[in-house]
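**Q** task: produce atomic coordinates for the following.
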Amino acid sequence: MKQWCVYILRCKDDTLYTGITDDFPNRLKAHRTGKGAKYTRGRSPLEPVYLEQCPDHSAALKREYAIKRLSRSEKLHLIATHPLQEP
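**A** Just a heads-up that it's a prediction; the model follows:
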């Protein structure tokens, strides 16, 4: 069974990118090589700053949507209060 997660990357221009995946190491590699999301292309280096495990794909999508609706300051608070724990 796949383990889904929601992640936030800090881009070199200090913007934050939120996404979901069932294979975080490979997804991060794709972002860093320009094969991930269009938004992250040209914004390397990319630093993972938040990772949250989700029970399934549906839960990951819902959590991603909720995080994307947060303000930047709310996202920074989320990042600061939840240390990064890689799967």
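**Q** how far does the longest helix belonging to the chain sit from the chain's center?
**A** In the chain, taking DSSP state H as the definition, the longest helix is helix 57-68. Offset of helix 57-68 from its chain centre (Cα atoms, centre = their mean, to the nearest Å): 11 Å.
**Q** list the contacts of it.
**A** Applying Cβ atoms under 8 Å, 6 or more residues apart in numbering, the set of residues contacting helix 57-68 from outside is 2, 4-6, 8, 18-20, 22, 52, 54, 75, 78. For the C-beta atoms, the positions are set from N, CA and C on the backbone; glycine is no exception.
**Q** next SSE downstream of it?
**A** helix 72-81 (DSSP states H and E).
**Q** just checking, what packs against that next one?
**A** strand 4-10, strand 16-21, strand 47-54 (3 or more Cβ pairs under 8 Å, 6 or more residues apart in numbering; DSSP states H and E).
**Q** and the ones you listed: which comes nearest Leu84?
**A** strand 47-54 (5.6 Å; Cβ to Cβ).
**Q** now do the contacts for Leu78.
**A** 8, 50, 67, 70.
**Q** swap in Glu47?
**A** 9-10.
**Q** tell me what it is bridged to.
**A** On the basis of DSSP bridges, Glu47 takes part in beta bridges with Arg10.
**Q** how close does it sit to Leu61?
**A** 24 Å (Cβ to Cβ, to the nearest Å).
**Q** next: Asp23.
**A** Following Cβ to Cβ, the distance that separates Asp23 from Leu61 is 16 Å.
**Q** confirm Ser44 sits in a helix?
**A** No. Ser44 is assigned coil when assessed by DSSP: H, G, I helix; E, B strand; the rest coil, not a helix.
**Q** now do the contacts for it.
**A** 11-12, 32.
**Q** and stretch 10-30, what's buried?
**A** 10-11, 16-22, 24, 27-28 (16 or more other Cβ atoms under 10 Å).
**Q** residues near Gly42, how many?
**A** By other Cβ atoms under 10 Å, 10 other residues sit near Gly42.
**Q** and if you look at the one 4 residues further on?
**A** The local packing count at Leu46 equals 16, with neighbours defined by other Cβ under 10 Å.
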